[in-house]
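S.K.: fold the following.
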Amino acid sequence: MAWSINTDNGGGGSVGVWDLARSLWDKAGIQNFPWLHCRNLADIDRLIAAAKATNSPAIGLNVEDVNGDKLSLPVVAQKVQAWGGPVHMATLDWVQNGQGWSALASCVAALEFFPGEGSMKLGWDPVVAQQCIDHAYSEGLTQVTPIFKTKSFSPATYGAFFSFCHSLYTADDITPDAPSWNAWKAPTPCTKTKVVPMAPTLKRPLFGPQNPRGPSQGRDVKDFVKRTLNRLPGQLPVGGDFFPKPPGGFNDTYNEKTVEAVKVVQRYNDIKPETGNMGQATLNALWQYADAYSKWVYRIYTPPKPKPLVPDLGPVWSGGASVLFHSLTHETEGFPNAQHPESTYPAFDDGWVAGRAVLAPEALTVTDQSSSLGGDAFYATGVSGLKYWFGHLAWAPPTGRTFKKGDTMGVIAYLTSAQGSPHVHTGINAVPLIGHDFEHKTNYQTGAPSVGEQLRWSAT
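M.R.: Presented below is the predicted three-dimensional model:
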């Protein structure tokens, strides 16, 4: 049990205000010790003096903004060593970078996991919690535990992390009976924290200049990707001149040199295909080589809201109008469904001649097979991010087949009079690109804004 000697407590922070409480704790066999938010070396001296005066078994050294308070941790460590006893060191959930925490490796570092504050402003997040623990170890601390906030929360809030050896703050809101206190106890024996090199969820994919969505630009490129690539010679056999830092420093553009270097990382981590772009798998790989600063930058980085591109879409048959000029007149039958719950695949029909070649409106890849009432059908994804369902073809190309813009993907099937006139049905799922379905009509009605108009609206 820690008792505060902060000056904002009763008695101006004097030890005497705790005499009655300490006597009761001593009588009950509850070990207790003084705690103080130390902003300077004089505070630490006062904390240690209070512990010695009360014959306490430990001290509660609360250090947080060591940079702002201009606390030298090696000097703090000298005072801790002179104290000679156990130290419970409460500190920020994300310990400040590069302050020399290894000097205090003998202390039990207690990270303040307070939902709604610090790194958890948005509430309890186990991924963020593990990142904070990993960071504390990477800064040189060797005994890391959580402090859980009790007010307005319950042990269930903290999930699996509650099994870690932990402390509580402030705990004065816990009902003063045995069942209530026992509920906040960790299992016996409690579990020690450990490093789990867990990358965060990808903030956004990053692309090079050869991709229609590239080149990406931002601080995630400069201070995470490029900075980490520069560190690789110390961790992988890639050669000392693998990704040198230019005299003027790195810029924030995901250029061709970055693409080629990322391909090397993908090769070493068996990530296929080796595109040189950064998705979740590549982020996971880079994370293991990144230093604490680069991880911190990526963790706090908020990418700009992407502006959807207006892709240069061609027609689905030679001589036809670009997909951009078409209005969507109906929904694709059978959508949404369990495999594709996000879209109705609004569509237009075109072509109107059996045997007419069906062209790829953009570079795309066949992703799955399907079927249609009359003829064959398949799914495809374009380089723009748009997803397609093409129906009523004489045959469907195999899954995995890629096409360049304007390539023939198949031909329009012959349909019986009961199935309607021969045509190619082009259903489009715009959710990956603009976040929602295209506006469309139903029952083959006209009048909806064209695909191109809607893409231009989304880009502004």
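
S.K.: OK, contacts around the closest residue to R204 other than its chain neighbours?
M.R.: Among residues not flanking R204 along the chain, P303 sits closest, at 4.5 Å (C-beta to C-beta, 6 or more residues apart in numbering). Where C-beta positions appear, they are placed from N, C-alpha and C, glycine not excepted. When contacts are counted by C-beta atoms under 8 Å, 6 or more residues apart in numbering, P303 is found next to K203, R204, G218, D220.

S.K.: touching, V221 and T258? I think so.
M.R.: Yes - the criterion here is C-beta atoms under 8 Å, and V221 meets it with T258 at 7.2 Å.

S.K.: domain ranges for this structure?
M.R.: 2-183, 219-300, 323-459 (automatic domain parsing).

S.K.: make CSV from those and add distance to C190 to it.
M.R.: Shown next, in CSV, are the domains of the chain (distance: least, C-beta to C-beta, whole Å):
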stretch, distance to C190
domain 2-183, 4
domain 219-300, 26
domain 323-459, 42
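
S.K.: looking at those, which is closest to R213?
M.R.: Among the domains of the chain, the nearest to R213 by C-beta to C-beta is domain 323-459 (7.6 Å).

S.K.: pLDDT on the closest one, on average?
M.R.: For domain 323-459, mean pLDDT is 94.

S.K.: all helices for the stretch 51-200 of the chain, in order.
M.R.: 73-83, 126-138, 178-183 (DSSP state H, counting those that start in this stretch).

S.K.: which one of those helices lies nearest to I30?
M.R.: helix 178-183 (10.7 Å).

S.K.: on that earlier part again, any idea how far the residue nearest to R204 is from V323?
M.R.: Per C-beta to C-beta, to the nearest Å, P303 is found 28 Å from V323.

S.K.: what do you get for S370?
M.R.: S370 is 19 Å from V323, by C-beta to C-beta.

S.K.: try R22
M.R.: Separation of R22 from V323 (C-beta to C-beta) stands at 78 Å.

S.K.: neighbour-wise, which of those two wins?
M.R.: Taking other C-beta atoms under 10 Å, R22 and V323 do not tie; V323 has more neighbours (23 against 20).

S.K.: circling back to that earlier point, out of the domains of the chain, which comes closest to P311?
M.R.: domain 323-459 (3.6 Å).

S.K.: N284 - that's part of a strand, no?
M.R.: No - N284: not assigned to a strand; according to DSSP: H, G, I helix; E, B strand; the rest coil it is helix.

S.K.: tell me the contacts of the residue minimising distance to the centre of the chain?
M.R.: Centroid check for the chain by C-alpha atoms, centre = their mean gives T201 as the closest residue, at 2.6 Å. For T201, the contacting residues are V127, Q280, by C-beta under 8 Å, 6+ apart.

S.K.: pLDDT at it, what is it?
M.R.: 86.

S.K.: any idea how far R227 is from it?
M.R.: 20 Å.

S.K.: list phi and psi for Q217.
M.R.: Backbone geometry at Q217, expressed as degrees, to the nearest 10, gives phi -140, psi 140.

S.K.: so what's the residue count around it?
M.R.: Here the number of neighbours of Q217 (other C-beta under 10 Å) works out to 15.

S.K.: that one pairs with what?
M.R.: With DSSP bridges as the criterion, Q217 is bridged to T253.

S.K.: and if you look at H88?
M.R.: Assigned bridge partners for H88, using DSSP bridges, are G60, V108.

S.K.: now do the contacts for it.
M.R.: Here H88 is in contact with A2, F33, W35, A58, I59, G60, L61, C107, V108, A110, S167 (C-beta under 8 Å, 6+ apart).

S.K.: contact partners for the last one?
M.R.: When contacts are counted by C-beta under 8 Å, 6+ apart, S167 is found next to A2, H88, A90, A110, T145, P146, I147, F148.

S.K.: how about the fifth one?
M.R.: I59 sits next to F33, P34, W35, L47, I48, A51, W83, G85, P86, V87, H88 when contact means C-beta under 8 Å, 6+ apart.

S.K.: closest to G140 out of those?
M.R.: So of those, ranked by how close each gets to G140 (C-beta to C-beta), first place is V87, at 15.2 Å.
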